[in-house]
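Visitor: Sequence isn't available, so here's the structure alone:
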C-alpha cells in the first residue's frame, strides 16, 4: 500500500517539547470548537494546561515509576509543523495496561486534506506508542459510537470492542429531589490506604473476567503515596473541583459492597462527575449511594450561596457512567429520569500479534503438514533414553542366548557310559 504522506519530508513522531505548547493549544482550541462530546471537551481542556504542567511533569518523570504514574503526549511533526498528537496514560501500578486518552489531527493543514492521510498519521501515532512504551501489554481506549472515522482508525490498528458504555446526567432539579431522601448508610466510611484490599476485592467482583484481566489492577492501585496525593491536589485545584470518596462496609462478611468517588465543580464550569462501583449482589445500594452523592453536591453548593454566578453553579448536572454488563444500574437511572447523553465503545488491544498464515488453508496438502512435523535434526539422547537403549540391548542378548541353549540341547546326542546307563552332558560349564 502506497502512503499518501510526501516521501521527501519524513514524518517524525517524538515526545512533547516545550516549543510545541502554542501549536498544541491552537490545535486543542480548534477541536473544542467543533467537538460535540462533552467527555472529550473535558479531556481537551485538561490538555490545554500542558504548558502549566510541563515543568512539573519533567520533574516527576525523573522519579521512580512507583511514585508517579502520569500521562505522556507525543506529537507528529513534518516541515516544522505539528500535524497531530496523541495523549496516553498508564492505568495500573505495574504499567501493564495503558489508555489512549485522545488522538487529535490538524485538519486545517493542507497536508491532511485527505481522510486517507489522516488515518495514516493517526496510525503512525498509535504504532509509535505501541512500539516505544515497552511496559504496556494491553491498550485501551474509549470512542463515541457515532465517530465512524475514529472507529475505523482503531479497528485497523487491532482494537476490539469490550463493552458499551453509557453516560448519564442527573439534572440539577433531580439532584435537589434526591438530596431530600435519607440514604440510611450507617456503615459508610471514608477511604484510606488501609482500605485498599477491600476496594480491590470489590473491583474484582464488579467486573467480568475479561475486563478484570484487561485492567490488571492490584492492591497497590487503590493506594496513594505522598507524591500522587500532592499531584492530585494540584490538578483538582487547577480544574476547580472538590473530591469526596467513601465506601459501604458490610460487617458480617467483612467486605466493601459499594464505593463512589465524587468530583464536584466549585466554579460551575463543568458538570459534577462520579465514579460508582457496586457489588452485583447488593444492587439495592444504587438509590442510597445516589442520594448520598446528591446530598454532598447540594451541601457544597450551599457553601457557595451568594456568589454572582450562583445560577451557573446550581445548573450543573451530575454525570455517572454505566456499562452494558450492569443492567440494574441502567434500569435505576431510567427509573429516576436520568438522561443518557452519550454512548461510547470500550475497546482494547494486546501487544501480542496473531501471526498470519503464509499459505491459505484451502490449498494446504497433507504432505505439507507432515513435512512440517518432521524433526529438523537428530534428537539429542537423554539419560532416560540411554538407559532404555541399554536395557533393550541386554534383553536381546539374553533372548539370543536362551534360543542358542535350547537348540543345542535339542540336537545333542545321548551318550551311554560303560555301565550301560545313558549319560547326558551338562548344559553348561565343564565337568
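Guide: The structure has been received and is ready for your questions. None of these values were measured; they are calculated from a predicted model. Numbering: from 1, shown residues only.

Visitor: ok, residue 105 touching residue 84?
Guide: Yes - between residue 105 and residue 84 there is a contact under CB atoms under 8 Å: 4.2 Å. From N, CA and C alone the C-beta is placed, and that goes for glycine too.

Visitor: State the mean pLDDT of stretch 317-330.
Guide: For stretch 317-330, mean pLDDT rounds to 92.

Visitor: hmm, who's touching it?
Guide: Identification of contacts with stretch 317-330 by CB atoms under 8 Å, 6 or more residues apart in numbering yields 163-172, 175, 207-208, 211, 271-276, 278, 280, 283, 286, 290, 293-294, 297, 333, 338, 341, 346.

Visitor: Show me where the stretch 1-150 of the chain dips below the pLDDT cut-off.
Guide: Residue ranges of the stretch 1-150 of the chain with pLDDT under 70: 1-9, 32-70, 109-116.

Visitor: Okay, strands next: where are they in the stretch 51-200 of the chain?
Guide: 71-78, 81-90, 97-105, 138-144, 160-170, 188-190 (DSSP state E, counting those that start in this stretch).

Visitor: okay if I get the ones you listed as TSV plus distance to residue 202 and mean neighbour count?
Guide: Listed next are those as TSV, based on distance: least, CB to CB, whole Å; neighbours: other CB atoms under 10 Å:
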stretch	distance to residue 202	mean neighbour count
strand 71-78	26	20
strand 81-90	22	21
strand 97-105	19	21
strand 138-144	20	21
strand 160-170	18	18
strand 188-190	13	13
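
Visitor: quick one: which of the ones you listed is nearest residue 218?
Guide: strand 97-105 (11.1 Å; CB to CB).

Visitor: Next, the residues that contact that closest one from outside, please.
Guide: 27-28, 31, 40, 43-44, 47, 71, 83-91, 112, 118, 121-122, 125-126, 129, 133, 135-141, 150, 153, 214-216.

Visitor: mind running it again at 7 Å?
Guide: Here strand 97-105 makes contact (CB atoms under 7 Å, 6 or more residues apart in numbering) with 27-28, 31, 40, 43-44, 47, 71, 83-91, 112, 118, 121-122, 125, 133, 136, 138-141, 214-216.

Visitor: what do residue 105 and residue 84 both touch?
Guide: 121-122.

Visitor: Using JSON lines, lay out the strands of the stretch 51-200 of the chain together with distance to residue 18.
Guide: Shown next, in JSON lines, are these (distance: least, CB to CB, whole Å):
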{"stretch": "strand 71-78", "distance to residue 18": "12"}
{"stretch": "strand 81-90", "distance to residue 18": "13"}
{"stretch": "strand 97-105", "distance to residue 18": "18"}
{"stretch": "strand 138-144", "distance to residue 18": "27"}
{"stretch": "strand 160-170", "distance to residue 18": "34"}
{"stretch": "strand 188-190", "distance to residue 18": "39"}
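
Visitor: helix, strand or coil for residue 13?
Guide: The three-state label given to residue 13 by DSSP: H, G, I helix; E, B strand; the rest coil is strand.

Visitor: Filter the contacts of stretch 317-330 down to the ones in helices?
Guide: Those of the contacts of stretch 317-330 mapping onto helices are 172, 175, 211, 286, 290, 293-294, 297, 333, per DSSP state H.

Visitor: Tell me which two of these sit farthest apart.
Guide: For the ones in helices among the contacts of stretch 317-330, the maximum inter-member distance is 32.3 Å, found between 172 and 211 (CB to CB).

Visitor: need the contact list for residue 218.
Guide: Residue 218 sits next to 92-94 when contact means CB under 7 Å, 6+ apart.

Visitor: tell me the phi and psi of it?
Guide: Per-residue torsions, residue 218: phi -120, psi 180 (degrees, to the nearest 10).

Visitor: In terms of pLDDT, where does it sit?
Guide: We have a pLDDT of 93 for residue 218.

Visitor: Ok, residue 392 next?
Guide: On pLDDT, residue 392 comes in at 73.

Visitor: give me the element it is part of.
Guide: helix 383-411 (DSSP states H and E).

Visitor: now the ones in helices among the contacts of stretch 317-330 in a markdown table, with neighbour count, pLDDT and distance to residue 186?
Guide: Listed next are the ones in helices among the contacts of stretch 317-330 as a markdown table, based on neighbours: other CB atoms under 10 Å; pLDDT from 0 to 100; distance: CB to CB, whole Å:
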| residue | neighbour count | pLDDT | distance to residue 186 |
| --- | --- | --- | --- |
| 172 | 18 | 89 | 29 |
| 175 | 22 | 91 | 23 |
| 211 | 16 | 93 | 31 |
| 286 | 21 | 95 | 18 |
| 290 | 27 | 94 | 17 |
| 293 | 26 | 93 | 17 |
| 294 | 24 | 92 | 18 |
| 297 | 27 | 89 | 21 |
| 333 | 20 | 95 | 25 |
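
Visitor: contacting residues for residue 195?
Guide: residue 247.
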